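*Asks:* Fold the following.
(chains A and B)
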2 protein chains.
Amino acid sequence: MQPNNNKALQLIKDTIGDEFVLEDQATLLLYSRTTLSKNVMPKAVIKPENSAEIEKIVTIANQYQVQLYPISKGRNWGYGSACAVHEGQVIVDLSRMNRILEVNEQLAYAVIEPGVTQILLHNYLKDKKLPLWLDCTGSGPEASIIGNTLERGFGHTPYGDHFLYSCGMEVVLGDGRKISTGFGHYKNAKATHVFRYGIGPYLDGIFTQSNFGIVTKLGIWLMPEPECCKMFFCAVPKDDDLSKVIETLRPLKLSGQIKSLIHIGNDLRVISSFNRYPWEMAKNKTPLSDDLRNLFCRRGNFGAWNISGAIYGSKSQVKNNKKELKKAMKGLGKLQFIGDKTIALGKKISHILEKSNLLPEFNTKLKALEKVYGLIQGTPTDAFLFGTLWRVKGGLKTNSIDPLDHNAGLLWISPIMPMTGDTAQNLIRMVNPVFKKFDFEPLITVSLITERAMVSVITISFDRENPEEIVKAKECYDELFKLIMEEGYAPYRTNIHTMKKLAGNSQVFWNVTKDIKTALDPNGVISPGRYQPFEFQLTGHELK
Amino acid sequence: MQPNNNKALQLIKDTIGDEFVLEDQATLLLYSRTTLSKNVMPKAVIKPENSAEIEKIVTIANQYQVQLYPISKGRNWGYGSACAVHEGQVIVDLSRMNRILEVNEQLAYAVIEPGVTQILLHNYLKDKKLPLWLDCTGSGPEASIIGNTLERGFGHTPYGDHFLYSCGMEVVLGDGRKISTGFGHYKNAKATHVFRYGIGPYLDGIFTQSNFGIVTKLGIWLMPEPECCKMFFCAVPKDDDLSKVIETLRPLKLSGQIKSLIHIGNDLRVISSFNRYPWEMAKNKTPLSDDLRNLFCRRGNFGAWNISGAIYGSKSQVKNNKKELKKAMKGLGKLQFIGDKTIALGKKISHILEKSNLLPEFNTKLKALEKVYGLIQGTPTDAFLFGTLWRVKGGLKTNSIDPLDHNAGLLWISPIMPMTGDTAQNLIRMVNPVFKKFDFEPLITVSLITERAMVSVITISFDRENPEEIVKAKECYDELFKLIMEEGYAPYRTNIHTMKKLAGNSQVFWNVTKDIKTALDPNGVISPGRYQPFEFQLTGHELK
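*Replies:* This is a model prediction of the structure:
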């Protein structure tokens, strides 16, 4: 059978209704947008409503050799947004599948569909007054929980490793079979969403960062609301202090004393969270001059490195923990704690200042602080989205801070490293000159995401209206990517244009994933190219 | 090519040396032993020394259609010991591969081979005075760490979920390819043993409870020795209190206040840990009479349910936690804490008592206590092994407490349940009458193994010298297995004779695992039948 998109799309229309198969240019352009160096045009966008429809769509796709590319909400900022890896694929937009199927208060979990956003589940929990938190990633209220989990994203609370806190999947495989993982495939199973592994091979991992199937349902664990929560901050003055910072914090992560993600942002990254590039002051020159950099640091009281994290527990646990952390982090700088009371007091002062129109900067900062505090407590906020607009020129045309609405240029590269001071310092020494070479600001965070590993999220923010800048950004990215792979710091996820680079010098691993792909999706209908650096021979063709 | 064991074994001899290919009857009998209803005779036992030899062996096995069955140390008590699923398979005993390849003190992990036992790594850490603990399972000092991890076993400390605390595998697949997971397949990778997922599909889970390959190397995370550790106990008087116990403990597990496994043993299970069946007092009658049961309970101060667990942290954390636990568990019974000082004091008293030959029971109990305390601190002990000998008749012929040396009859069945009081009580209500019907004592523990799930380990201890008892034990097991599957409490692992029962009423899940098996081991040379409830058509045959 030859590929036949048109025939397939007609059959899909018959299945899910004409209005949910979109082929008009305006829609396709909307879905083609990225913050990367290149947009990717889809063939069509289809919007199924439930997993039964997905099963039918996958069957049709197999029959007519159509390439599907499922997305949940497409908020994959900096890595490709809603775009497929290749042009001409059919985007399967799962946003209509936004049912919260179950929330179990006693056992602290939820079962959701791919279209459930962070804000949807958050509001559900608030409305029902359930003392449960979801862990939120920084990609904003409208990001899909399942989407981020399958990309193995991270959030900020002790439940930050999203895949780790998921349990029990339903997946429609590339060959059309529907499978439930864990114990979920047994009739009457009671432990599907409380015990990850089930019995026999534990499969869930192969459905993350892969293209073997479409996940249509997922159990996620929720964090019981603690009695007390305090956010902490510490600004460290010198660039060279990063090594000391990591060495001081590692034992606190390893011992479990700090269970949140610990965020360590450089001054530029923090400046970009609160401001947009000062085009006027910089007389349109890039990168940011040392003078302006220093000015912004002084204004904001930012250090060369800025640590933030949180502690949780009963009041007496938190009190005890605060004391111990102050002692342990004494050598780094002044450790400041912020809790509900501080935020409330800030709001009061802000109210007075607003009335009298004094210190408008205080208000901006307080609002940003509130948003970060929200993330620490499982409230989805756009705290980290504003930073994506750093290099956007001119006034913002809309209130939206969706980077796509402003054609923001943004490339993220996220190497994983063992949590040692030398490693972090080595990375910075490597990365800074590359940014200098291409006239971008090195916007860098180093986050302690597990007890032993840290990820650096390196941001290339560029003017996407300027074709030369796009080329430079891509070159900068490629050089950084090459460097981190050579150094042995492969990334924990990557963007749609970089999949082929993942092959590296590695053969067997990717051949094995290819063999599993062939076993579960013989015609290669699901997301060809996604986390698939090899050329894929459609074995299904030969079998027919 | 027809299967040809003899030709293959000759080639294997040429590869690894004659002395490591054992075919004599005495050896085969030794490896055929189980505690189950039926022994399983292997064709031969081979003992490779490294992964290069394993690659060669697997290649030979593929060529001559030989069925291999890898074991690490074969201490899979109650589930099949060192035995294969089917007769006539070649046991690949990995015990010679016992190298500790790396211990990273800073990042608290070790990289080991399958033959590394709990005691080997423990002693290594002690000898080097490294402040790191490994989590131990109760299967004794000689159990393999990798063996238990691949079977997804559990231990007692906060690192009790062994697979969860493993990171970075090397696997020789059934088709002879060698693969490294996580980032391990990249040249110069630095984060192989600190970040589980790598990039792309996360594969490790499919190599647990499966038969796709032979794991030849594994990274495991070690727990940094805490400043302070206290074990706690609480005896709960009434059988019906189990529901209250679970409801009281769940919030403490969910909030992370208790991070250890919490063990809840019924009176009979605890009695069997300290005593063997009192054949004389019982006048050779089984099961244990209520009078004797009560007598042993009074002597040992055992409750109907006996809770134990541990808390860890800095001195001030533990002090604070103790106070909070006492408050939270007030309604259950007297909560007792034991730490280093108590154990030291006990030893002193014991020394005096021993000299004066007073209270020998105090000494027995203290020794058992010390062993449990050891497990809580990552010291491998035989604390839980003694219980396997419960129904062995007559005096023990050797000092060994290896159940195989005493032909002990032992079947374990281990359903997973959501952590609610009703569920636990429901299980007990279901299980007790079955034991009564077959004249065995219901030896039951309910362990809170994760924040949301509990496992009940139900022991059928029987006289394996008595053929009638063997039949009864098997019938009892089958009836229990049917019950838990019907009720939706599938087990987290199972024994070699029960693999086919795992099919249940489930089709797609097992077909998918079969397809992955076919992709990675097309000739089905690795552990046929292991976690493989379907009939496996050797597709490789047709392809040739």
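*Asks:* so where's chain A shaky on pLDDT?
*Replies:* Residue ranges of chain A with pLDDT under 70: A:1-2, A:356-361, A:535-544.
*Asks:* quick one, domains of it?
*Replies:* Here the domain parsing of chain A from automatic domain parsing is A:5-93, A:100-224, A:228-339+A:370-487, A:499-543.
*Asks:* out of the ones you listed, deepest packed?
*Replies:* The highest mean neighbour count among the domains of chain A, using mean count of other CB atoms under 10 Å in any protein chain shown, belongs to domain A:100-224: a mean of 22. The way it works is simple: take the backbone N, C-alpha and C, and place the C-beta from them, glycine included.
*Asks:* end to end, how far does that one reach?
*Replies:* Domain A:100-224 has an end-to-end distance of 18 Å (CA to CA, to the nearest Å).
*Asks:* Run through the residues of the stretch 51-200 of chain A sitting next to chain B.
*Replies:* Proximity of the stretch 51-200 of chain A to chain B, by CB under 8 Å from any CB of the partner chain, involves residues A:106-109, A:152, A:158, A:163, A:173, A:177-181, A:183, A:185-191, A:194-195, A:197-200.
*Asks:* how about the domains of chain A in a markdown table, adding distance to B:Leu292?
*Replies:* Below are the domains of chain A laid out as a markdown table (distance: least, CB to CB, whole Å):
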| stretch | distance to B:Leu292 |
| --- | --- |
| domain A:5-93 | 57 |
| domain A:100-224 | 35 |
| domain A:228-339+A:370-487 | 44 |
| domain A:499-543 | 56 |
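*Asks:* In which helix or strand does the closest residue to A:Leu11 other than its chain neighbours reside?
*Replies:* Closest residue in space to A:Leu11, ignoring its immediate chain neighbours: A:Ile60 at 4.9 Å, by CB to CB, 6 or more residues apart in numbering or on different chains. Taking DSSP states H and E as the definition, A:Ile60 sits inside helix A:51-64.
*Asks:* Which is the succeeding secondary structure element to that helix?
*Replies:* For helix A:51-64, the following helix or strand on the C-terminal side (DSSP H and E) is strand A:68-71.
*Asks:* now the helix or strand just after that following strand: how far from the chain's centre is it?
*Replies:* Using DSSP H and E, the helix or strand that follows strand A:68-71 in sequence is strand A:90-93. In terms of CA atoms, centre = their mean, to the nearest Å, the centre of strand A:90-93 is found 20 Å from the chain centre.
*Asks:* Contact partners for the closest residue to A:Cys234 other than its chain neighbours?
*Replies:* Leaving aside its chain neighbours, A:Cys234 sits nearest to A:Ile307 (4.4 Å; criterion: CB to CB, 6+ apart). Taking CB atoms under 8 Å, 6 or more residues apart in numbering or on different chains, we find A:Ile307 in contact with A:232-236, A:245, A:249, A:262-264, A:332.
*Asks:* If we look just around chain B, which residues of the stretch 201-350 of chain A are in range?
*Replies:* Within the stretch 201-350 of chain A, the residues that sit near chain B (CB under 8 Å from any CB) are A:201-210, A:212, A:221, A:224, A:226, A:250-251, A:254-257, A:259, A:313-314, A:316-317, A:320-321, A:323-324.
*Asks:* Among the residues you listed, name the ones in strands.
*Replies:* Among these, the residues falling in strands (DSSP state E) are A:221, A:224, A:313.
*Asks:* and which of those residues is nearest to B:Lys56?
*Replies:* Among these, A:Trp221 lies closest to B:Lys56 (CB to CB), at 44.2 Å.
*Asks:* Skipping adjacent residues, who's closest to the closest one in space?
*Replies:* Distances taken as CB to CB, 6+ apart put A:Tyr165 closest to A:Trp221, at 4.3 Å, once the chain neighbours are dropped.
*Asks:* tell me the contacts of A:Tyr64?
*Replies:* Going by CB under 8 Å, 6+ apart, A:Tyr64 touches A:1, A:3-5, A:7-8, A:11.
*Asks:* Report the secondary structure state of the nearest residue in space to A:Pro415 that is not next to it in sequence.
*Replies:* Leaving aside its sequence neighbours, A:Pro415 sits nearest to A:Tyr489 (CB to CB, 6+ apart; 3.7 Å). Three-state secondary structure (criterion: DSSP: H, G, I helix; E, B strand; the rest coil) places A:Tyr489 in coil.
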